[in-house]
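**Student:** okay, sequence plus prediction incoming.
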Amino acid sequence: MTHISSRTPPPVFDGDTVVRAAFVLALFGWGVGFYGPPIFLYAVVSRTGWSLPLVSAAVTLHFLFGACVVACLPRIHRRFGLAATTAGGAILLALGCIGWACAIQPWQLGLAALFTGAGWVPLGAAGINAIVSPWFVRTRPMALAKAYNGASLGGMLFSPMWVALIGQYGFPAAALVVGLVMVAVVLPLAGGVLVRTPEAEPQNTNKAQPGRDSTQAAAPVSPARHRAARWRDRAFPTLAAAMALGLFAQIGMIAQLFSLLAPAIGTTAAGWVMAMATGCGMGGRLAVARLLGAGADRRRAACASYAIQACGTALLLAAPQQLPLVVLGVALFGLGIGNATSLPPLIAQAEFAPADVPRVVARCVAIAQALYAFAPAALALLLTHEGHVALTLGAGTQAFFGTVLLIQFLAIACMWAGRATQKQ
């Protein structure tokens, strides 16, 4: 006789599906909108002969306009929904990439930068946080780490892929192919997964399985402030300042690093070194997520991450001609790349009331992006001395790496200064 088990299988937790979808969205968002512009900068300068400060200004415009959009992202999400906003962002990002590749006048490059700047926001840090956070509380660090690792994988895959595609087929063809693939992948995810909400799936939120999480499962792991966000309190300005300074140094470094490495080791090797850096970022983010147990000091973890990045910058400053040390320096710098975006939302979760966290995160990201938007152009000026531009590692790059190192120390100081709020 055949016995049929009366036990019903555990319900599928939709939050896990959302995390997987967010991983893919982050892969395209960062691979195209974050790691793409440094490659675009090199390709545009090579194709047009325009000056480095001019094209760097387009990268600045890309991030600056994105900062304006991200400040409004919670409102845009409420107005159009997560799915439509994300799909629209992918379309804008694809059109902008084609614009970067085909621009023959500086104003056309500026228009393309507006498209890519607005388009990558729903697939960027604030967008991914808005997609994943409603599904998780207790295990949010690991959930966000898994989702944000799509960003690191995007850098690993897209940095060398952009170089290979542009070198083999040209920038316009590469931009068209990547843009079409991105839209073809993102639109079904937006329409099939992002339309789900914890409120619409009570079987997942009210009957969460052991080891899973939901919006109703548990309180935050660290003492939350449980009061309205006060923008002048030490918690918010120190968090926003640390995130802004850390990302200013990071974006400024990434924007110019490929152009500095390529003449020294070749474009292919430079692409793989950049990919290694983002791979280290993935490992660093997962390691920190696993270490952030109950009651963990998240600001201390952020300070440690900035310090490791600073060690990498110091190596690039001290030994620019020694390839093994250069690779080690890039690897150390890469270990903190992921944590620079994933730790601030987790700190906000621990220090602000749950209802205020999305707004705090959006404002921190907007302020950070508004500042680091100037990093590519500002730090490019440090590579220019008496009309000559430092085109490779070595002579002429000391001021560049020294300034990045100083900014990283300032980020550590700001993050540490806010630790007093956890004891109140």
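**Tutor:** Nice, I can see it.
**Student:** so where's the protein uncertain?
**Tutor:** 1-13, 199-233, 293-294, 384-392, 394-395, 420-424 (pLDDT under 70).
**Student:** who are the packing partners of the host helix or strand of residue 304?
**Tutor:** Assigning secondary structure by DSSP states H and E places residue 304 in helix 298-318. When contacts are defined as 3 or more Cβ pairs under 8 Å, 6 or more residues apart in numbering; DSSP states H and E, helix 298-318 packs onto helix 235-265, helix 267-291, helix 323-335, helix 339-351, helix 398-417. Glycine gets a C-beta too; all of them are placed from N, C-alpha and C.
**Student:** residue 314 versus the residue nearest to residue 400 when sequence neighbours are not counted, what's the distance?
**Tutor:** Closest residue in space to residue 400, ignoring its immediate chain neighbours: residue 382 at 4.4 Å, by Cβ to Cβ, 6 or more residues apart in numbering. Residue 382 sits 16 Å away from residue 314, going by Cβ to Cβ, to the nearest Å.
**Student:** how about residue 246?
**Tutor:** 16 Å.
**Student:** those two: which has the busier surroundings?
**Tutor:** More crowded of residue 246 and residue 314, by other Cβ atoms under 10 Å: residue 246, with 29 against 18.
**Student:** that one contacts residue 408, correct?
**Tutor:** Yes: at 6.9 Å, residue 246 and residue 408 qualify as touching, with contact defined as Cβ atoms under 8 Å.
**Student:** tell me, what's touching these two both at once?
**Tutor:** Shared contacts of residue 246 and residue 408, defined by Cβ atoms under 8 Å, 6 or more residues apart in numbering, comprise 306, 309.
**Student:** part of a helix, is residue 50?
**Tutor:** No: per DSSP: H, G, I helix; E, B strand; the rest coil, residue 50 lies outside any helix segment and is coil.
**Student:** got a list of contacts for stretch 240-252?
**Tutor:** Applying Cβ under 8 Å, 6+ apart, the contact partners of stretch 240-252 are 63, 302, 306, 309, 313, 336-337, 340-341, 344, 363-365, 367-372, 374-376, 378-379, 404, 407-408, 410-412, 414-415, 418.
**Student:** same thing but 7 Å
**Tutor:** Stretch 240-252 is contacted by residues 63, 302, 306, 337, 340, 344, 363-364, 367-368, 371-372, 375-376, 378-379, 404, 407-408, 410-411, 414-415 when judged by Cβ atoms under 7 Å, 6 or more residues apart in numbering.
**Student:** please apply the same query to stretch 155-175.
**Tutor:** 30-32, 35-36, 39, 43, 47, 97-98, 100-102, 177, 267-268, 271-272, 274-275, 278-279.
**Student:** thanks again, I'm all set now.
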